[in-house]
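Peer 1: prediction below, plus the sequence it came from.
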Amino acid sequence: MALVGVLLVALAVGLLLYMMLVAFSRPDNFPPGPPPMPIWGNYVQMLLVNYKHPYKVLDLMTRFYKSKVIGFFLGESPTIVACDYQSVKEALNNPHLQGRPVNIALKHRMFNKELGIFFTEGPHWLEQKRFSLRNMRDFGFGRRSERLEAEIAAELQDLVELIRGGREDQVVVRPSSGARSVLLPDVLLPVFVNALLSVYTGARLPRSADATVRHLGHAAMQFQRSSDATGGFLTLHPWLAWLAPRLSGYKDNIQGSEKMRLFLEQHIEEHKQTYSDDYMRDFIDSYLREIRERMKTGEPTMFTSEQLSLILLDFFFPTASSLPATLTWALLFTSHHLGVQKKVQDELDAVVGRGRLPTLDDRPNLPYTEATLREAMRIRTLTPLSVFHKATEDTTLQGYSVPRGAIVITCLYSMHMDGDLWGDPNTFRPERFLDTDGKIIKKDFTLPFGAGKRLCAGETFSKQNLFLTFSTLLQNFSIKSDGVPPADSSIPGVIETAPTFWAQFVPR
């Protein structure tokens, strides 16, 4: 018995020494932050402080440690967090911080290959991104396009008629006393999905396919809500994918991706059957042509049908989830701030009137409308932790050492809610984006789409479609706050989304 007691004491002392060693084993010149614990680093500590919103814990650390750059550990991985405009911009523009850490779910999503552009890195990522953007622009993505803008206008006209009662769809729009009950964000899905499909396939889905569009939007949201940006315990313990597939988020991640990918692969196969070198109908045709040209050389190539399906998926899932979610937040905030809503509508009445829909030509003349969208994206940062970066080489950030392989987080929430930068960050005030003449200020300190080489590839496309849809809805309807959830309600995930709700749209 005495020997057992001695062994237990020795074990306890050894464990204590190990924990002390881990706690004080921070890399040289590492940013201030909490001492790590064995196995999980600081991840469990973060969850204990705020399980739903771990990004708020990082924001608290900036005040506790009196530093806008902090360091902690996700498991054994040293992790550095940039929390103000200067450090975020430096991180996003550092060429050695453009890597991507991925967990087992993301690897399986890519068939354990370097596929797509969202979660890959290196020369193949850059080649695929450049090719995709260059060729998608030919069909209106990220540039002015008469054809695509006409398609979007038709989609928006159909949305207005649907809400006014021109056609019935009890799933997303229902009659209400003096108003129309509109399901957000579901009613918005066809506008954004069909805008992208016009680039991919050269055509929108018919109205009879709205159920398919909603299915795809729900799949995109399932993927986005499968975990927070850290990847959760699945990042630290890959075996949870088999032991607890639902609880770890693995199943939702894979299922959401697969639903979208199978839909997109159907279009790829249809294009293969009708492909002709004589006429490029859309982006899928352009990519199929590149596959054929590369195959003629006999050299190994990264241009494959699998690669195409993942590229389509990487543009599709944010279009079907992030854009409807962003616009839902903008509508939610304007419903709670009727003075802002009226100013937007007065500006639209003065510039556009009621006889036609707003166009991109009107955008420079609608600064308050533009400022309201910017303010919505600031005060409700859709991606509070953006997408994680990884150091591909030893480098520095704001004078601190960043070892190769370290995770780097740009905490956009902290930056967008920085009192030193904004003064009154908790106030919804679009005027902060206007100069004394009422024009949009040129310097924008918000970064909802990131910056640098990892800048969201769909930034221009997203901003154009958000503006057109937001301005069209407020031109035609007033949104009541009755039944609208409070502005601080949210469902956590990779993106912060409002719960699905019925909003009251009053025709103007």
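Peer 2: Looks like it came in fine. Residues are numbered from 1 along each chain as shown.
Peer 1: tell me where the model's unsure across this protein.
Peer 2: 1-25, 168 (pLDDT under 70).
Peer 1: can you give me the strands for it?
Peer 2: Taking DSSP state E, the strands of the chain run over residues 69-74, 77-82, 173-176, 179-184, 389-390, 395-397, 400-402, 407-410, 477-480, 501-507.
Peer 1: the fourth one versus strand 501-507: what angle between them?
Peer 2: Interaxial angle of strand 179-184 relative to strand 501-507 (axes from the mean of the first three to the mean of the last three Cα atoms, to 10 degrees): 140 degrees.
Peer 1: what's strand 179-184 in contact with?
Peer 2: Residues outside strand 179-184 that contact it (Cβ atoms under 8 Å, 6 or more residues apart in numbering): 163-165, 171-175, 324, 328, 331-332, 477, 480, 498, 500-507. In this view, the C-beta of every residue, glycine as well, is placed from N, C-alpha and C.
Peer 1: what about burial for those residues, which qualify?
Peer 2: The neighbour count (16 or more other Cβ atoms under 10 Å) marks 163, 172-173, 324, 328, 331-332, 477, 480, 498, 501-505 as buried among these.
Peer 1: the stretch 351-500 of the chain: helices as residue ranges?
Peer 2: For the stretch 351-500 of the chain, the helices defined by DSSP state H, counting those that start in this stretch cover 367-379, 412-416, 419-422, 459-476.
Peer 1: swap in the stretch 101-250 of the chain?
Peer 2: Using DSSP H, counting those that start in this stretch, helices in the stretch 101-250 of the chain cover 104-109, 122-137, 146-164, 189-201, 210-224, 232-236, 240-243, 250-274.
Peer 1: report all helices and strands that the third one contacts.
Peer 2: Pointing back at helix 146-164 there. Secondary-structure packing of helix 146-164 (3 or more Cβ pairs under 8 Å, 6 or more residues apart in numbering; DSSP states H and E): strand 179-184, helix 189-201, helix 459-476, strand 501-507.
Peer 1: could you redo the last one with a cut-off of 10 Å?
Peer 2: Secondary-structure packing of helix 146-164 (3 or more Cβ pairs under 10 Å, 6 or more residues apart in numbering; DSSP states H and E): strand 173-176, strand 179-184, helix 189-201, helix 459-476, strand 477-480, strand 501-507.
Peer 1: over to the fourth one?
Peer 2: Helix 189-201 sits against helix 122-137, helix 146-164, helix 210-224, helix 250-274, helix 283-297, helix 305-336, helix 459-476, with contacts defined as 3+ Cβ pairs under 10 Å, 6+ apart.
Peer 1: what's in contact with stretch 414-425?
Peer 2: Outside stretch 414-425, the residues that touch it by Cβ atoms under 10 Å, 6 or more residues apart in numbering are 55-56, 58-63, 68, 70, 81-89, 377-381, 384-386, 411, 426, 429, 432, 445-448.
Peer 1: filter those down to the buried ones.
Peer 2: 55-56, 58-59, 61-62, 68, 70, 81-85, 87-89, 377-381, 384-386, 411, 429, 432, 445-448.
Peer 1: just the endpoints, please. Distance across stretch 385-402?
Peer 2: Using Cα to Cα, to the nearest Å, the end-to-end distance of stretch 385-402 comes out at 18 Å.
Peer 1: apart from its neighbours in sequence, what residue is nearest L434?
Peer 2: A371 (5.4 Å; Cβ to Cβ, 6 or more residues apart in numbering).
Peer 1: hmm, I typed the wrong one, I wanted T328.
Peer 2: P185 (4.3 Å).
Peer 1: wait, doesn't that neighbour sit right on W502?
Peer 2: No - using Cβ atoms under 10 Å as the test, P185 is too far from W502 to be in contact (11.7 Å).
Peer 1: and for those two, which residues touch both?
Peer 2: Residues touching both P185 and W502 (Cβ under 10 Å, 6+ apart) are V172.
Peer 1: circling back to that earlier point, separation between the residue nearest to L434 and P384?
Peer 2: Separation of A371 from P384 (Cβ to Cβ, to the nearest Å): 22 Å.
Peer 1: likewise T326?
Peer 2: The gap separating T326 from P384 is 13 Å, by Cβ to Cβ.
Peer 1: need the residues touching each of those two.
Peer 2: Common neighbours of T326 and P384 (Cβ under 10 Å, 6+ apart) are I495.
Peer 1: among the helices of the stretch 101-250 of the chain, which is nearest D28?
Peer 2: Of all the helices of the stretch 101-250 of the chain, helix 232-236 sits nearest to D28, with 24.3 Å by Cβ to Cβ.
Peer 1: packing partners for the closest one?
Peer 2: helix 43-49, helix 104-109, helix 240-243, helix 250-274.
Peer 1: pick the most buried one from those helices.
Peer 2: Compared across the helices and strands packed on helix 232-236, helix 104-109 shows the largest average neighbour count, a mean of 20 (mean count of other Cβ atoms under 10 Å).
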